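structure here, sequence nowhere to be found:
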């Protein structure tokens, strides 16, 4: 299922998106923003993993006995 989300962009940003689509880097404006969102999510996950590694190496990590402990 999909949901339509409308956004407002400054003219120079809208031109950037349209140019990327026109040059074939993306199949559509929606694909441009889906790719951008995937990159953002991946970056956020990597940051969380790095923070966890710092906690573990500093001895602040917690050993989980089961997956239920994640809650």
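Sure, I can see it. Since we're looking at a predicted model, the values are computed, not measured. Residues are numbered from 1 along each chain as shown.

tell me how far residue 52 lies from residue 19.
Residue 52 is 39 Å from residue 19, where distance means C-beta to C-beta, to the nearest Å. Bear in mind the C-beta positions are built from the backbone N, C-alpha and C, glycine included.

would you indicate which residues of the lowest-mean-pLDDT helix or strand in the chain are buried?
Every helix and strand of the chain was ranked by mean pLDDT, DSSP states H and E. The lowest is helix 29-57, at a mean of 94. Buried residues in helix 29-57, counted by 16 or more other C-beta atoms under 10 Å: residue 32.

who are the packing partners of that helix?
helix 11-22 (3 or more C-beta pairs under 8 Å, 6 or more residues apart in numbering; DSSP states H and E).

need the contact partners of the helix it packs on.
Contacting residues not belonging to helix 11-22 are listed as 9, 26-29, 31-33 [C-beta atoms under 8 Å, 6 or more residues apart in numbering].

show me which of those is closest to residue 61.
Proximity of the contacts of helix 11-22 to residue 61 (C-beta to C-beta) peaks at residue 33, which lies at 35.7 Å.

ok, now which ones touch that closest one?
Applying C-beta under 8 Å, 6+ apart, one finds that residue 33 lies in contact with 7, 17.

measure it to residue 8 for me?
Counting by C-beta to C-beta, the gap from residue 33 to residue 8 is 13 Å.

swap in residue 18?
Distance from residue 18 to residue 8, by C-beta to C-beta: 15 Å.

more neighbours: the two, which one.
residue 18 (12 against 6; other C-beta atoms under 10 Å).

what pLDDT is listed against that one?
You'll see residue 18 listed with a pLDDT of 98.

just residue 69 next, same as before
pLDDT, residue 69: 73.

ok, it - how many residues close by?
Around residue 69 there are 9 residues (other C-beta under 10 Å).

SS state for it?
helix (DSSP: H, G, I helix; E, B strand; the rest coil).

what about residue 63, distance to residue 69?
Residue 63 is 9 Å from residue 69, by C-beta to C-beta.

no wait, residue 4
Distance, residue 4 to residue 69, using C-beta to C-beta: 39 Å.
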